[in-house]
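Trainee: I'd like to go over a predicted model; first the sequence, then the structure.
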Amino acid sequence: MEQILKKLSLITLTATVLLAHTTQKQNIDDAFYEQFVKSALNATPVLVRDTDSPLGRYNLYPKELYLKTLARAHGHLCDGLILAYVELSHALPKLFNDGVIDRTDIRVVAKNSPCLVDTSALMSGARINHKTLSLDNSLGGSFIVQRISTGKTYKVSLRDTSFLKALKNKEEFIKAKQKKHQQVTPQDIDEAEALELNAIRYMINTNPKQLLTITELKNYTYHFNISDISSRSDVINKNVARKK
């Protein structure tokens, strides 16, 4: 009986340790993802269609693509990723009668931004190396999406960008400091991230009919362009200290 109790105690202890370890991992994994986004109006997953293998046929069933998956793959949850997700999650399904995004049949034109390009590629299947993802910095925060097989094309944009003004001013302030080789402070980053969070809250919770303009482009001709390629911008402050 004593041996049985010892075994039960060991099993219980092991289970407790494993549970604590799992919980800790989950908590760490959730640290990059704001809780309020999970149930937000514009965080609904989209349905995507792919092929089963490198030389395979279409999947039998579509799969759900979640905003959190994109944030994990991109590296962070930011205003650019949210902007791209909200715009593309409403524009891309319009290319297909069943609303399922066929990631084998899409071209995208986007501004050269780590967030906008990553989101475009992950959501649409468009890629620079396949000449289906083109760069055009004049688009700003807008996108052009086209179904390759039909030529059907839409442009999606924010109706009003005034809510981004304070954030953009702060970002320009930080960039100006860097150009002058001045120190970017923890307070600079904290202030920018606070403004970014406000922008995220607005985009993720605003009715898309109020937030977006989606326009069909008749007889649009896609041109592949990579002349706007530049160095990565979202890592330049990675070593700025955090406030203690």
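Mentor: Received it, and whenever you're ready, just let me know what you need.

Trainee: now do the domain split for this protein, please.
Mentor: 1-31, 32-216 (automatic domain parsing).

Trainee: helices of this structure, start to end?
Mentor: Counting by DSSP state H, the chain has helices at residues 2-30, 67-74, 79-91, 114-124, 165-179, 186-205, 208-211.

Trainee: may I ask which helix or strand of this structure has the lowest mean pLDDT?
Mentor: helix 2-30 (a mean of 54; mean pLDDT, DSSP states H and E).

Trainee: ok, now how distant is the closest residue to Leu41 other than its chain neighbours from Leu95?
Mentor: Excluding its sequence neighbours, the residue lying closest to Leu41 (Cβ to Cβ, 6 or more residues apart in numbering) is Asn205, at 5.4 Å. Any C-beta I mention is one placed from the backbone N, CA and C, and that applies to glycine too. As judged by Cβ to Cβ, to the nearest Å, Asn205 and Leu95 stand 26 Å apart.

Trainee: ok, back up a step: most neighbours per residue, which of the domains of the chain?
Mentor: Sort those by mean neighbour count, taking mean count of other Cβ atoms under 10 Å, and domain 32-216 sits at the top with a mean of 17.

Trainee: where does pLDDT dip in the chain?
Mentor: For the chain, the stretches with pLDDT under 70 are 1-27, 244.

Trainee: does Leu81 touch Thr69 like I think?
Mentor: No - counting by Cβ atoms under 8 Å, Leu81 does not reach Thr69; the two are 11.3 Å apart.

Trainee: residue contacts, the residue positioned nearest the centre of the chain?
Mentor: Residue closest to the mean C-alpha point of the chain, counted by Cα atoms, centre = their mean, is Leu81 at 3.3 Å. Shown in contact with Leu81 (Cβ atoms under 8 Å, 6 or more residues apart in numbering): 70-71, 74, 115, 118-119.

Trainee: what's the closest of those residues to Val86?
Mentor: Ranked by distance to Val86 (Cβ to Cβ), the contacts of Leu81 are led by Thr119 at 9.9 Å.

Trainee: which one is the residue nearest to the centre of the chain nearest to, not counting chain neighbours?
Mentor: Nearest one to Leu81, counting by Cβ to Cβ, 6+ apart, is Cys115 at 4.7 Å.

Trainee: next up, the contacts around that neighbour.
Mentor: So Cys115 contacts 74, 78-81, 83-84, 234 (Cβ under 8 Å, 6+ apart).
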